Structure formats: C-alpha cells, structure tokens
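Asks: Below are the sequence and a predicted model for it; my questions follow.
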Amino acid sequence: MMQVNDIGAFVRALLPVHLTAGHTITYGVWVGVHPEELRRIFDTWWSPEYQGLVVDGRLANRIAPWGLLGAPIRLRVLDPDQTPYCVDSVDARLQSVLTEEWDHGLVLSTVPV
C-alpha cells in the first residue's frame, strides 16, 4: 500500500491471466483506491478480518497487450497469506482478461525479459 501526495492511494494486487496449454501468468499490479478507503484497508490488512477483505478501485497499470489503465476492478483475498487478487470487473475488456483463455505466445511476447 502507498499514498503519494497529489497522485493518489494505491493497493498492490495480483492479476492472474489464463493462457493456452494450461499456463497462467500473474501480474503484480497497483490498484488506485479512494484515499479515505486506504486507512480501512490498512487496518483490515493486519487483522483477522483480512480474509474477508473486498476492495473496489481502478487499475493503475497498463497491462500489455490489453492496456486497461483506469479500468474498474474488484479485489478479494483468496488466500490470507497472499496479496488480494483481481477477481471481477464491470469493464468488459478487463472481465474478459480475467475469465477467458489467452494465447500464451501473444501474451508472453509482450512481457519484458
């Protein structure tokens, strides 16, 4: 988590993408949240309630090859020992990234080595 003056408040999250041939790539992303929400998130992060944490925000990274900067995203804790996961979006493009299978050659060709 971080808050940057004049820029905003952000939470780290994991964005898994299912690839062909049974592969998955998981991006570490920043999610912009309302600054007033950051205190609630921080307090919950270190408590037993963390496992029920749900956060709504906007993707603060571009994810190649889709872009998606600013797309609304919902985060949910799937494992209490891990960072929250991106699980749902009202943005059709981001929802398809989360739920569809993508050609691994196409996606991996956009990942810097």
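Replies: Everything's here; your move.
Asks: from here on, contacts and neighbour counts on C-alpha atoms
Replies: OK.
Asks: Show the average pLDDT along the lengthiest strand in the chain.
Replies: As assigned by DSSP state E, the longest strand anywhere in the chain is strand 8-19. The average pLDDT within strand 8-19 is 96.
Asks: What of stretch 65-85?
Replies: The model assigns stretch 65-85 a mean pLDDT of 96.
Asks: which residues are in contact with it?
Replies: 12-16, 31, 50-63, 86-91, 93-94, 106-107, 110 (CA atoms under 8 Å, 6 or more residues apart in numbering).
Asks: returning to what we had before: quick one: residues in contact with the longest strand of the chain.
Replies: So strand 8-19 is contacted by 1-3, 24-35, 38, 75, 83-87, 97-104 (CA under 8 Å, 6+ apart).
Asks: Buried residues in that strand, which are they?
Replies: For strand 8-19, burial by neighbour count (16 or more other CA atoms under 10 Å) applies to 9, 10, 11, 12, 13, 14, 15, 16, 17, 18, 19.
Asks: same thing with stretch 63-70?
Replies: Buried residues in stretch 63-70 (16+ other CA under 10 Å): 63, 68.
Asks: distance between that stretch and the chain's centre?
Replies: Put simply, stretch 63-70 sits 12 Å off its chain's centre (CA atoms, centre = their mean, to the nearest Å).
Asks: name the helices or strands packed onto the following helix or strand past the longest strand of the chain?
Replies: Downstream of strand 8-19, the next assigned helix or strand under DSSP states H and E is strand 24-33. On a contact count with 3 or more CA pairs under 8 Å, 6 or more residues apart in numbering; DSSP states H and E, strand 24-33 meets strand 8-19, strand 54-59.
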